[in-house]
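*Asks:* quick one, fold the following:
(one chain, ligands or ions: 1)
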Amino acid sequence: MSEPTLVFEEPKQRKKPPSHFADFTPEERRAKVEELGLPGYRANQISTHYFTHYDDDPESWSDFPAAARTLVRENLLPPLITLVRSITCDEGMTRKDLWRLHDGVLVESVLMRYPERTTVCISSQAGCGMNCPFCATGQAGLTRNLSAAEITAQIVAAARACDRGELPGGPTRLSNIVFMGMGEPLANYNAVLRTVRNIITPQPDGLGIGARSVTLSTVGLVPAIEKLTEENLQIKLAISLHTPDDELRDSLVPINLRWKIKEVLAAADGYADKTGRRYSIEYALIRDINDQKWRADLLGRLLKNRNAHVNLIPLNPTPGSKWTASRKEDERAFVETLENYGVPVTVRDTRGREIEGACGQLAALEISSRP
Ligand code: SF4
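*Replies:* The predicted model follows:
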């Protein structure tokens, strides 16, 4: 199969993030460790500290030779993300972290504790090149792709916060990961796939979180969905559709100019057929834009025989935006219409609303408040 042509390149060359242990496969990690003059088995120790104990500071590793700690830190575990600030809401059960990367770029992740699970929503790019007009991240454009280790570091930080009981309710286990923060994950395919493998590989070489607990959300880069299908992983695919008609989608999700709804759904069907996993349709309900009854009908007709469910997202308005959330009665009517077609539908919990919970908003605020 040929490599997909991804249309959105990084706008300019930036200094690459330092390479890191989590950028590599387990075999490559062993080779890197040996290149430093250390026995290959030290790679297992490093993996255990990083992926099992969420400890990325070799200076604290008592089972590691003191002389090798600095070597490992400088060459394999350089600090990649620095916390700028955290904001919490929902009585502490939702925490949004803003991270500064090595080149000053800002990204964010959101950790959400629910009674039955704890989920982190991570960023895969700094900014986003998809230019969806209702999204704060899209307005800022793409700054650069994150490396696999920069994405993985957000997850390890979340797992550490859970393990150390930083959220109310005491220590817990990070159970779910969603690629729904800043960026289009499939436009950063290789780094995102390395991250997925870091997540699902059993400990010590990975975090040992089941593939079924990972959700990857895309606007519909068809060749990349097809490539992902060939990986035959059990991760959940989410398609940010936002409207069932090409006419509106061309402006709401401009990548639709390249790949139409029919092609995107065909690719998602292919994913569901290969993996046996139902995919989800993400639909941000925007008042008087895409929340009409006729659009619910059209969506119902489009999905009624597909292995898909709809996740309606009450829009989290961005500051100064003309887009706003649907009226509750329109939201209810939308749900009922889909149910009449037998299409499974849920309305997403709107965690993080008071802390600028839409993707990219915290970083956008931080940037705009700089002198
Ligand atoms: S909605 Fe998602 S894909 Fe669209 S601009 Fe925002 S981050 Fe990018």
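*Asks:* check contacts around the closest residue to the ligand within the stretch 1-150 of the chain.
*Replies:* Closest residue of the stretch 1-150 of the chain to the ligand, C-beta to the nearest ligand atom: residue 138 (2.6 Å). In this view, the C-beta of every residue, glycine as well, is placed from N, C-alpha and C. Neighbour list for residue 138: 128, 130, 131, 132, 360 [criterion: C-beta atoms under 8 Å, 6 or more residues apart in numbering].
*Asks:* go with 7 Å
*Replies:* When contacts are counted by C-beta atoms under 7 Å, 6 or more residues apart in numbering, residue 138 touches 128, 130, 131, 132.
*Asks:* gap between it and residue 312?
*Replies:* Going from residue 138 to residue 312 by C-beta to C-beta, to the nearest Å gives 20 Å.
*Asks:* so where's the chain uncertain?
*Replies:* Filtered on pLDDT under 70, the chain yields the residue ranges 1-13, 318-319, 350-371.
*Asks:* list, one by one, the residues from it near the ligand.
*Replies:* Neighbours of the ligand within the chain, by C-beta under 6 Å from any ligand atom: 128, 130, 131, 132, 135, 137, 138, 182, 183, 184, 219, 359.
*Asks:* now, those that are in helices?
*Replies:* When DSSP state H is applied, those are split such that 137, 138 fall in helices.
*Asks:* tell me the most packed of the contacts of residue 138, by neighbour count.
*Replies:* Using other C-beta atoms under 10 Å as the neighbour criterion, residue 128 leads these with 27 neighbours.
*Asks:* ok, that residue touching residue 144?
*Replies:* No. Contact between residue 128 and residue 144 fails when scored by C-beta atoms under 7 Å: they sit 11.0 Å apart.
*Asks:* tell me where the stretch 51-200 of the chain has helices.
*Replies:* Along the stretch 51-200 of the chain, counting by DSSP state H, counting those that start in this stretch, helices occupy 66-75, 136-140, 148-163, 189-200.
*Asks:* buried deepest among these, which one?
*Replies:* Ranked by average neighbour count under the criterion mean count of other C-beta atoms under 10 Å, the helices of the stretch 51-200 of the chain are headed by helix 148-163 at a mean of 24.
*Asks:* that helix versus helix 189-200: what angle between them?
*Replies:* Helix 148-163 runs at 30 degrees relative to helix 189-200, counting by axes from the mean of the first three to the mean of the last three C-alpha atoms, to 10 degrees.
*Asks:* how about the helices in the stretch 201-350 of the chain?
*Replies:* For the stretch 201-350 of the chain, the helices defined by DSSP H, counting those that start in this stretch occupy 222-231, 246-252, 261-275, 293-303, 328-340.
*Asks:* tabulate these (a markdown table), appending distance to residue 109 and mean neighbour count.
*Replies:* Shown next, in a markdown table, are these (distance: least, C-beta to C-beta, whole Å; neighbours: other C-beta atoms under 10 Å):
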| stretch | distance to residue 109 | mean neighbour count |
| --- | --- | --- |
| helix 222-231 | 22 | 19 |
| helix 246-252 | 25 | 16 |
| helix 261-275 | 25 | 18 |
| helix 293-303 | 30 | 18 |
| helix 328-340 | 28 | 16 |
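*Asks:* right, so of these, which gets closest to residue 113?
*Replies:* Of all these, helix 328-340 sits nearest to residue 113, with 25.3 Å by C-beta to C-beta.
*Asks:* distance from the chain centre to that closest one, please.
*Replies:* Relative to the centre of its chain, helix 328-340 is centred 28 Å away, using C-alpha atoms, centre = their mean, to the nearest Å.
*Asks:* count the residues that sit near the residue nearest to residue 119 when sequence neighbours are not counted.
*Replies:* Spatial nearest neighbour of residue 119, chain neighbours left out: residue 176 (4.0 Å); criterion: C-beta to C-beta, 6 or more residues apart in numbering. Close neighbours of residue 176, defined as other C-beta under 10 Å, add up to 18.
*Asks:* tell me the contacts of residue 176?
*Replies:* So residue 176 contacts 117, 119, 213 (C-beta under 7 Å, 6+ apart).
*Asks:* still on that earlier bit, now the residue of the stretch 1-150 of the chain closest to the ligand, nearest residue through space, not along the chain?
*Replies:* Spatial nearest neighbour of residue 138, excluding adjacent residues (C-beta to C-beta, 6+ apart): residue 132 at 4.3 Å.
*Asks:* residue contacts, that neighbour?
*Replies:* 138, 252, 253 are the contacts of residue 132 under C-beta under 7 Å, 6+ apart.
*Asks:* for the first one, give its distance to residue 267.
*Replies:* For residue 138, the distance to residue 267 (C-beta to C-beta) stands at 22 Å.
*Asks:* residue in the stretch 201-350 of the chain nearest to the ligand?
*Replies:* residue 219 (4.7 Å).
*Asks:* what distance do you get for that residue to residue 287?
*Replies:* Taken as C-beta to C-beta, the span from residue 219 to residue 287 is 21 Å.
*Asks:* from memory residue 254 sits against residue 129, does it?
*Replies:* No. Contact criterion C-beta under 7 Å: residue 254 and residue 129 do not qualify, at 9.9 Å.
*Asks:* where along the protein do the strands fall?
*Replies:* Under the criterion DSSP state E, the chain contains strands at 82-89, 94-100, 106-113, 118-121, 125-127, 142-145, 176-179, 214-218, 236-240, 279-285, 308-314, 345-347.
*Asks:* with distance to residue 230 added, can I get those in CSV?
*Replies:* Converted to CSV, those look like this (distance: least, C-beta to C-beta, whole Å):
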stretch, distance to residue 230
strand 82-89, 37
strand 94-100, 32
strand 106-113, 28
strand 118-121, 26
strand 125-127, 23
strand 142-145, 21
strand 176-179, 18
strand 214-218, 15
strand 236-240, 13
strand 279-285, 16
strand 308-314, 20
strand 345-347, 29
